[in-house]
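Participant: Below: sequence and its predicted model.
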Amino acid sequence: MSDHTMTDDAPEAGVAARTAVVPAAKAAKTVVVPARTGMPAGGRKPARERRAKPRGGPYDLGHAPAVLMVSSLGVLMVALAYTGGRETAGGAALAYWIGQVVVVTPVVLRLLSRRMAGAAESFILVIGLAVNQYLLKWMYSPDQFRFPDELQHWLATTVIMETGELFRPNPALPPAVHFPGLAELGAAVASMTGLPVSYAGILVAGVAHLVFVGVLFACVLRTSNSPAVAGVACAIYATALHYLFFSSMFLYQTAALPFFMLAVWANRRWRTDGGTPFLVVAAGSIAMTTVSHHVTAFALIATLFLLGITELVTDRLSSRRRRWSALAVPVASLVIVAAWILLVARDVLGYLEEPVNQVIATVTALLDGTTTASAASAPVSTIQLALQGAGLLGLGVLFLAVGRDMIARRDSDAWHWAALAGGAVFFLGNGVRFLGSNGPEIAGRLSTFTYIPISIIAALALVRAVQILPLRDAYGRRHWTTVPPATPPPTGARLVVRVLAGSALITLLMIGARAGGWPPLGSLLPGPYVAGGFERSVDAYGVDAANWERVALGPGNRVGGDVTSVALASTYGRQDPVREVAALYYAGLWTPAQDELVDRLAVDYLVVDQRLGAQLPQSDAYFENDPQAGRLTRPLSSNQLGKFDSLPGVDRLYDNGTVRIYRMGNDQ
Amino acid sequence: MNAVLRRTFPYALSAPVLTAAATVLAGAGVLAGPAVTAALGGMLLGFVLPGLALTGLLFRRRTLTAVDRTVLAPALSRAVLIVSGLILYVAGVRLDRTAWTLAAAGTTLAVLAAGAVSGRLRPATEDQQPGPPPGPFAPWAPKQRVTAAPLARQLAPMMLVLALLAGAGYLSHLSSAYSYDVTVTTLSAVPPGPADGSGRRVVRLSASGLLAEDGPYTVAVTGPDGTRLAERTVPVPDSGSWQANLRLPAADRLTVRLFRAGDTVAYRTLLIAAAE
């Protein structure tokens, strides 16, 4: 592929030689297509000839401003949908979906149109799309963090602001203590700008999000030598399951992702162009990734090794001299990450042990044919499955087409093979979602990284019009494994069909990601309180209770409650969260078993939200480690919620009509 | 092929000098200016200037595309903040506004100075001079230089884009704040202490979120048999909050109720267990 592909966004005919878009690009990446001549009536130059003159000056943004204007209308529509959701207005959901499509699809159509002015237009489109999509995330809760994980990092940042020190304990998320990158950034920006931590956090996460997309664009541009491929790859990546929320939230992964991508970019530049500056940037990026997020650091090691090994293998297969220096950066990343984990962040191993063990146990159970509660996957709606399945099928077809094409052309570009291998891991990773109750989350988090290569592969297929089925030759034979005859890129109706099909696929992927990503389908719109609804469960009543805990009780008490109460208590309330208290709530009667559990967990206070008795949890669980998860058929009863009032040694110290707080220690 | 356009500027208008000036102004804006300059200066020091200086130093003999430079500036700025924070922490410096600002601005100026010194000690040879930005970002031909009309044609829709996004953001912010704006009326007690010699203890009661239209409120304390032990009328102050210390029997389990004016059913209720 690399030896025969065309620059795709330049005019499709009449070009005798095309300019490489990056200096290191080889001349072999261009192809000569005979020009047609002829002047139509009217004296106007034919379109092909007009297009033969490359457009685009240094700041030619092409139609990007107009396209982004249309896309921004989608943002406005989603804003209206969110407002409608908060006021429970009818039609808000429809406006949301239309808005989402309007945000994404015009940009994708333009990126696939083969008429772009160049890298400037493609880059502006991609960054504009990233800005618009970040706004979609921000507008969900623009005035405060509501998602529990964001609140945990809000606390870490606030602690730095208050103490002026790093590595202070964070009971809400202990492992984050040793990965202070995000909190440092938040504290620095909040300190210097004077903005509240919430707004500084929104800025930090937003800039990180944009930098990540920008570096992804630069990386793919460097690899593919095509602004269109780079743009489409970024647009496809924007349909990743966690792109709009977990990769954009004020979370430590968001801080680490730009450095992850920058390390890959710098490694690429070092391998192709050489030079110490790129090596310095690569090493620095690895270090910044390491001090920002553990899982991203592990993913970076895996990615760099994949790139290094594929380079060695392709060198060998191409009879080129093997350059063992390909492994220098991967080995360096391994050393840096290992040093940080072993010397500073030892606790992270225990933190990551549980989900890994769960996946292993689930796989073992599947192989044994046994069933356990934790092995059961959360139910997924048929529509959601159909949408995501169709999207995956589309990606699978493109993956196979590019793979066949690379084999047929004996592609020797290591990065193409690495992308193909990464794409294969993406499909394998999708299987993890069926492995236990944490499967979907692990699969989603894995896809944050594996969706990068599959996006590149799909973009190559869509932009370069890789034949899904090889064309027949003059004898009617298809060349499955031999180099196919050179074909000009599609034009006219074929081009329109390809652009529309590509846009439809990316739009479908986006819809599938929104439906299966975060927030859950039932909470896509902000609105009134929902039990077990994470962001939707945070309202003035819960926050007031948490603030009372901080002021009246002081920090560090052991506080239990439902998912939201614990999240708020451990952040706004500065309490030590107890997450294993479900049995205390589900018990209809208070027995010595409950006393024993209170003792064992050293629970000081319990938060009881009366609304748990009015709604089933949207997330299938009221509590963390909920033994009834997915099996609840009715809300908690008034007996279950009210039994604490009858315990003689228990105080009810706080009541706001909705949330009550009980002190459990009197009878101990 | 791309035309090579070389422009010469006075040294005072060169990128390093302008970056240094912006750094000093941003630092001053953060440390000594009003809120607006602090916000602008803080963002420049947090996301732009250190990375700009570092990119200039690291890649002074390299040709980078505009895309590369655009993403490197904020990426390296973020790295500067993280590394600065770690170094300051190890050095025992308190991480506050002054420390962050001096670290970011100091790093930027130090990097710019290093670049200047390095340029004087090892001036780049002709073939090491960075050329014009390659690829589509480069001028295609001198006649395609930026002119006012095309620039305005491109910027006008972008202004509209900004207006649309600002409108959408404002609408969301407003509606979110409005939906969250609920007065929460609470009744609470600080965990009571042990009993004194007379068998009583002080219970500190608080009520907040009191509404004038629901007042005056009444707080009533009853014993286990329903005997009313204390009662207070709670006028609604401007702050909407009320506090009182009541000396109550420690041996009994007490019920504290808050009533709105005219209510016979308690609006909020606390239970105070007997002291052991």
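Facilitator: Everything's here; your move. Fair warning: this is a prediction, and the values are worked out from it, not measured in the lab.
Participant: any weak-confidence spans in chain A?
Facilitator: Counting by pLDDT under 70, the ranges of chain A that qualify are A:1-59, A:359, A:366-367, A:369-380, A:434-439, A:479-488, A:666-668.
Participant: Just want the residue of it that's nearest chain B.
Facilitator: Chain A approaches chain B most closely through A:Gly118 (2.7 Å), counting by Cβ to the nearest Cβ. C-beta: built from backbone N, CA, C; applies to glycine.
Participant: Tell me how far that residue lies from A:Ala218.
Facilitator: Separation of A:Gly118 from A:Ala218 (Cβ to Cβ, to the nearest Å) stands at 14 Å.
Participant: what's the pLDDT at B:Ala3?
Facilitator: B:Ala3 carries a pLDDT score of 43 in this model.
Participant: go on, the one 5 residues further on?
Facilitator: Per-residue confidence (pLDDT) for B:Thr8: 56.
Participant: What residues sit buried inside stretch B:164-173?
Facilitator: B:Leu164, B:Leu165, B:Ala168, B:Gly169, B:Leu171, B:Ser172 (16 or more other Cβ atoms under 10 Å in any protein chain shown).
Participant: My guess is the third one contacts A:Ala81. True?
Facilitator: No. Between B:Ala168 and A:Ala81 no contact is recorded; they are 10.6 Å apart, counting by Cβ atoms under 8 Å.
Participant: For the host helix or strand of A:Ala459, list every residue counted as buried.
Facilitator: Element membership of A:Ala459, judged by DSSP states H and E, is helix A:439-463. Within helix A:439-463, the residues that count as buried by 16+ other Cβ under 10 Å are A:439-463.
Participant: In contact with the most centrally placed residue in chain B: list those residues for me.
Facilitator: What sits nearest the mean C-alpha location of chain B, by Cα atoms, centre = their mean, is B:Ala39, with 9.5 Å. Neighbouring residues of B:Ala39 by Cβ atoms under 8 Å, 6 or more residues apart in numbering or on different chains: A:Thr193, A:Gly194, A:Leu195.
Participant: Out of the residues you listed, which comes closest to A:Ala176?
Facilitator: Nearest to A:Ala176 among the contacts of B:Ala39 is A:Leu195, at 21.4 Å by Cβ to Cβ.
Participant: Measure how buried the closest one is and give me the count.
Facilitator: 19 (other Cβ atoms under 10 Å in any protein chain shown).
Participant: got it, and B:Val236?
Facilitator: B:Val236: 18 neighbours (other Cβ under 10 Å).
Participant: Could you look up the SS state of it?
Facilitator: Under DSSP: H, G, I helix; E, B strand; the rest coil, B:Val236 falls in the coil class.
Participant: cool, A:Pro577 as well?
Facilitator: Secondary structure assignment for A:Pro577 (three-state DSSP): strand.
Participant: tell me the contacts of the residue nearest to it when sequence neighbours are not counted?
Facilitator: Distances taken as Cβ to Cβ, 6 or more residues apart in numbering or on different chains put A:Ser570 closest to A:Pro577, at 3.9 Å, once the chain neighbours are dropped. By Cβ under 8 Å, 6+ apart, the contact set of A:Ser570 is A:Gln152, A:Leu155, A:Pro171, A:Ala172, A:Val559, A:Asp576, A:Pro577.
Participant: and what of A:Tyr622?
Facilitator: A:Tyr622 touches A:Ala531, A:Gly532, A:Asp562, A:Val563, A:Ala582, A:Tyr585, A:Leu612, A:Gln628, A:Leu632, A:Leu636, counting by Cβ under 8 Å, 6+ apart.
Participant: Relative to B:Arg122, which of these is nearest.
Facilitator: The closest of the contacts of A:Tyr622, once distances to B:Arg122 are taken by Cβ to Cβ, is A:Val563, at 59.8 Å.
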